[in-house]
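Peer 1: Predicted model, plus sequence, below.
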Amino acid sequence: MKLGLQLGYWGAQPPNNHRELVTAAEEHGFDAVFTAEAWGSDAYTPLAWWGSDTQRLRLGTSVLQLSARTPTACAMAALTLDHLSGGRHIVGLGVSGPQVVEGWYGQRFPKPLARAREYIDIMRQVWAREAPVTSGGPHYTLPATQDGTTGLGKALKPIVHPLRPDIPVFLGAEGPKNIALAAEIADGWLPLFYTPRLADQYNEWLDEGFARPSARNTRDTFEICATAQIVLTDDPEAAYAAIKPFLALYMGGMGSEDTNFHAEVYRRMGYSDVVDDVTALFRSGRKDEAAQIIPNEAVDDSAIIGDEAHVREQIGVWEQAGVTTMLVSPGSADEIARLANLAR
């Protein structure tokens, strides 16, 4: 089992210990470091900043939002960081949701799976650098031919020769169709709320993608990098209480009341009634109550909380379920050292 350091995205202020965490992750044999974005800090800037201190760690995004960048802009950033890191970059992508796509980026949110397929195809054209990059759309048309364009657009190849002609792409996916798409067109899957309890169900969806004629990978060459809240503690109740507000936000406050992809993940886990109640409380401003009604079992489904013996045992359970890398968010260098020892 490999470990990855998940730095996430910033809160109200920049974190003050990420350099220390990245240094410790490299020292203790972590495989990768990942950054994220929502509608505040971006993913690429801190990844390049902290990644410049590393020599071995793979540098990944978990995840870049498709609507934040055109596919060619994303491909440019990726080939740049891949050169600077000596070929250690992983491009983690996700479609986000209509609340962010339309509310923050001012973009439309139709056909997310088709957009992801087209987006990744364009990026791979850039990195292959075999011919000028073109796309017939309908979501990304290159050169642009829409009404209002000059008609002077020209298909181009990148000036810079990419270090690698095929940079790994991982897809953040939560629904059955999107997970199958990840298995078909991507090199890895980045689940946010993964539970080993549903591994058989995930494998069915992944196998659907692997079976498609255009599939790039098999199960043996495909990576599953699952976010895992791991808390080493002799006081589990305090850890549950700390995690539940985060779950309440994702269950009840992300997206709209009717369109929340994270809530659907927990419905598939069997918590439909909990999701309904959390959503009603959260959206009426009773956020503390929303967190308090989440059962410990819902936290345990996608987190590991307990002493070293319990954590070591559960890491094995996740590995047996098919997870190749656990993305963890320890708060100190000491926690990183302890987790690295347990994963061994």
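Peer 2: Received the coordinates, thanks.
Peer 1: distance of residue 211 from residue 204?
Peer 2: Residue 211 is 11 Å from residue 204, where distance means Cβ to Cβ, to the nearest Å. Yep, even glycine has a C-beta here, placed from its N, CA and C like the rest.
Peer 1: swap that for residue 81, sorry
Peer 2: 35 Å.
Peer 1: So these two - more neighbours on which side?
Peer 2: The residue with more neighbours, out of residue 81 and residue 204, is residue 81; 21 against 13, by other Cβ atoms under 10 Å.
Peer 1: helix, strand or coil for that one?
Peer 2: Under DSSP: H, G, I helix; E, B strand; the rest coil, the three-state class of residue 81 is helix.
Peer 1: quick one: it and residue 89 touch, right?
Peer 2: Yes: using Cβ atoms under 8 Å, residue 81 is in contact with residue 89, at 4.8 Å.
Peer 1: okay, and the common contacts of those two?
Peer 2: Here residue 81 and residue 89 share the contacting residues residue 59, scored by Cβ atoms under 8 Å, 6 or more residues apart in numbering.
Peer 1: Using CSV, write down the CA coordinates of stretch 119-128.
Peer 2: The C-alpha coordinates for stretch 119-128 follow below in CSV (Å, rounded to 0.1, in the frame of the first residue of the first chain):
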residue,chain,number,x,y,z
TYR,A,119,-11.1,17.6,-22.7
ILE,A,120,-8.7,14.7,-22.0
ASP,A,121,-8.5,13.9,-25.7
ILE,A,122,-7.4,17.5,-26.4
MET,A,123,-4.8,17.4,-23.7
ARG,A,124,-3.3,14.2,-25.0
GLN,A,125,-3.1,15.7,-28.4
VAL,A,126,-1.0,18.5,-26.9
TRP,A,127,1.4,16.2,-25.1
ALA,A,128,1.8,13.8,-28.1
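Peer 1: pLDDT on that stretch, on average?
Peer 2: In this model, stretch 119-128 has a mean pLDDT of 98.
Peer 1: So which bits of that stretch are buried?
Peer 2: Judged by neighbour count using 16 or more other Cβ atoms under 10 Å, the buried positions of stretch 119-128 are 119, 120, 122, 123, 124, 125, 126, 127.
Peer 1: Kindly report the same for stretch 142-155.
Peer 2: Neighbour-count burial for stretch 142-155, with 16+ other Cβ under 10 Å as criterion, is recorded at residue 142.
Peer 1: Spatially nearest residue to residue 158 (excluding sequence neighbours)?
Peer 2: residue 126 (5.5 Å; Cβ to Cβ, 6 or more residues apart in numbering).
Peer 1: got the contact list for the helix or strand encompassing the one you found?
Peer 2: According to DSSP states H and E, residue 126 maps onto helix 112-128. Helix 112-128 has contacts (Cβ under 8 Å, 6+ apart) with 66, 71-72, 74-76, 78-79, 91, 93, 95, 131, 133-135, 137, 139-140, 142, 158, 162, 164-167, 169, 171, 177-178, 181, 185-186.
Peer 1: Among those, the buried ones, what's the ChimeraX command?
Peer 2: Buried residues among the contacts of helix 112-128 (16+ other Cβ under 10 Å), as a ChimeraX selection:
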select :66,71,72,74,75,76,78,79,91,93,95,133,135,139,140,142,158,162,167,169,171,178,181,185,186
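Peer 1: Sitting in strands, which of the contacts of helix 112-128 do you find?
Peer 2: The members of the contacts of helix 112-128 that map onto strands under DSSP state E are 91, 93, 135, 142, 169, 171.
Peer 1: For these, work out which two are farthest apart.
Peer 2: Greatest spacing in the ones in strands among the contacts of helix 112-128, by Cβ to Cβ: 142 and 171 (21.5 Å).
Peer 1: Which parts of this protein are strands?
Peer 2: Here the chain has its strands, by DSSP E, at 2-8, 32-35, 58-61, 64-65, 89-94, 135-136, 141-142, 169-171, 188-189, 223-227, 229-232, 303-306, 325-328.
Peer 1: Now do the fifth one and helix 112-128, the angle between them.
Peer 2: Strand 89-94 and helix 112-128 meet at an angle of 160 degrees, taking axes from the mean of the first three to the mean of the last three Cα atoms, to 10 degrees as the criterion.
Peer 1: From residue 88, how far off is the residue lying closest to residue 89 once chain neighbours are set aside?
Peer 2: Leaving out its chain neighbours, the residue that sits closest to residue 89 by Cβ to Cβ, 6+ apart is residue 82, at 4.2 Å. In this view, residue 82 and residue 88 are 7 Å apart by Cβ to Cβ.
Peer 1: One more: residue 279?
Peer 2: Applying Cβ to Cβ to residue 279 and residue 88 gives a distance of 40 Å.
Peer 1: Likewise for residue 267?
Peer 2: Applying Cβ to Cβ to residue 267 and residue 88 gives a distance of 37 Å.
Peer 1: And for the closest residue in space to residue 217 that isn't next to it in sequence, the neighbour number?
Peer 2: Leaving out its chain neighbours, the residue that sits closest to residue 217 by Cβ to Cβ, 6+ apart is residue 187, at 6.2 Å. Residue 187: 18 surrounding residues under other Cβ under 10 Å.
Peer 1: distance between stretch 150-163 and the chain's centre?
Peer 2: Centroid separation for stretch 150-163 versus its chain: 29 Å, with Cα atoms, centre = their mean, to the nearest Å.
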